[in-house]
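Engineer: Whatever this is, show me its structure:
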Amino acid sequence: MIKLVVSDLDETLVGPDGKVSDVNVKAIKKAKAKGVKFVPNTGRGFQSVQPLLDTLGLREQENEYVISYNGGAIVENKDLKVLQTNALSFDQASQIFNVAKKYADYSTHVYTMDHVYVFNEIKEDMDYMLSRGVEPVMFTEDNLEKFRDDPILKVITMNSNVEKRVAMRDAVLKEIDFEVNATFSSDRYTEFNLSGVDKGNATLELAEKLGIKRDEIMALGDNSNDIAMLKKVGLPVVVSNANDAARNAAKFVTEGDYTSGVAEAINKFILGD
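Structural biologist: Alright, predicted model coming up:
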């Protein structure tokens, strides 16, 4: 029996307009009424997820959670209580940034606990973030000194060209002197977390806290940064717009995309509709 659903947001639950469809909201609320926990598991910071939690009836709820920053933080919704963080060190984040800043056709995001800071603003990137309720803060310094005393959960770069995303990953991996988890998301981002920090490990850490077994978890995703999550649970599901890498990690592919796929999976495996 499924007791926990962890779901990616962008392009899995959330569409291009930044909203969740009524059919998905209805299914999630029905699952919650049956005692099933629904946990957004996202690369975003937890602050930007709050309007979505409102829509789902999960905002400020005790014993309800969000996994953010690709597993970089686990947060209880009540009072935004941070239960766990897995941050890069200042030196590690600086090494990644020092590679990324050399490339003028990429924007670079630095995720602290409360903000997304963006170096080298690109309009396409800004428009995408704003559509997701993310309010980025611009910075122009060529170093991360201003963040020395802040936990840095991840560093990512944006370029809409897939070959350039791969090139950025390879450039960073070549230059740094530590292990990272490098993934891709939303057909635009190359993401860098500390090695071992991913959506899958964070899912199991939260499940252990809740007393939920691996085979009692359903995960929903669509992209490469969801693969670790899909591989760690009993029931890995992807929506129909998922890329090939994510599909290969799934046991079930929904007929619907982000507009209805989450509801389809919940209805099939939890509600029996």
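Engineer: CA atoms for contacts and neighbours, from now on please.
Structural biologist: Will do.
Engineer: quick one: residue 43 and residue 3, what's the gap?
Structural biologist: Going from residue 43 to residue 3 by C-alpha to C-alpha, to the nearest Å gives 23 Å.
Engineer: swap that for residue 107, sorry
Structural biologist: Between residue 107 and residue 3 the distance is 39 Å, computed by C-alpha to C-alpha.
Engineer: Can you show me the strands along the stretch 151-273 of the chain?
Structural biologist: Chain-ordered strands for the stretch 151-273 of the chain, with DSSP state E, counting those that start in this stretch as the definition, fall at 152-158, 180-185, 189-194, 217-221, 235-238, 252-253.
Engineer: tally of neighbours for residue 150?
Structural biologist: 15 (other C-alpha atoms under 10 Å).
Engineer: circling back: burial-wise, tell me which of the strands of the stretch 151-273 of the chain comes out on top.
Structural biologist: Stretch with highest mean neighbour count among the strands of the stretch 151-273 of the chain: strand 217-221 (a mean of 30; mean count of other C-alpha atoms under 10 Å).
Engineer: So for that strand, mean pLDDT?
Structural biologist: Per-residue confidence for strand 217-221 averages out to 98 on the pLDDT scale.
Engineer: what lines up beside it in the sheet?
Structural biologist: The pairing partners recorded for strand 217-221 under DSSP bridges are strand 4-7 (parallel), strand 235-238 (parallel).
Engineer: JSON lines please, covering those strands and showing mean pLDDT and distance to residue 141.
Structural biologist: Shown next, in JSON lines, are those (pLDDT from 0 to 100; distance: least, C-alpha to C-alpha, whole Å):
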{"stretch": "strand 4-7", "mean pLDDT": "98", "distance to residue 141": "35"}
{"stretch": "strand 235-238", "mean pLDDT": "98", "distance to residue 141": "39"}
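Engineer: mind checking which of those is nearest residue 157?
Structural biologist: Taking C-alpha to C-alpha as the criterion, strand 4-7 is the member of the strands paired with strand 217-221 that comes nearest to residue 157, at 22.7 Å.
Engineer: now could you export just the CA positions of the helix or strand that that closest one is followed by as CSV?
Structural biologist: Stepping forward along the backbone from strand 4-7, the first helix or strand reached (DSSP states H and E) is helix 22-33. What follows is helix 22-33 as a C-alpha-only set of coordinates in CSV (Å, rounded to 0.1, in the frame of the first residue of the first chain):
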residue,chain,number,x,y,z
ASP,A,22,-7.7,21.1,-11.1
VAL,A,23,-7.7,17.4,-11.8
ASN,A,24,-4.3,17.0,-10.2
VAL,A,25,-5.3,19.1,-7.2
LYS,A,26,-8.5,17.0,-6.7
ALA,A,27,-6.6,13.7,-6.8
ILE,A,28,-3.9,14.9,-4.4
LYS,A,29,-6.5,16.1,-1.9
LYS,A,30,-8.4,12.8,-2.1
ALA,A,31,-5.1,10.9,-1.4
LYS,A,32,-4.4,13.2,1.5
ALA,A,33,-7.9,12.5,2.9
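Engineer: Mind giving me the packing neighbours of helix 22-33?
Structural biologist: Helices and strands touching helix 22-33, by 3 or more C-alpha pairs under 8 Å, 6 or more residues apart in numbering; DSSP states H and E, are strand 37-40, helix 50-56, helix 261-266.
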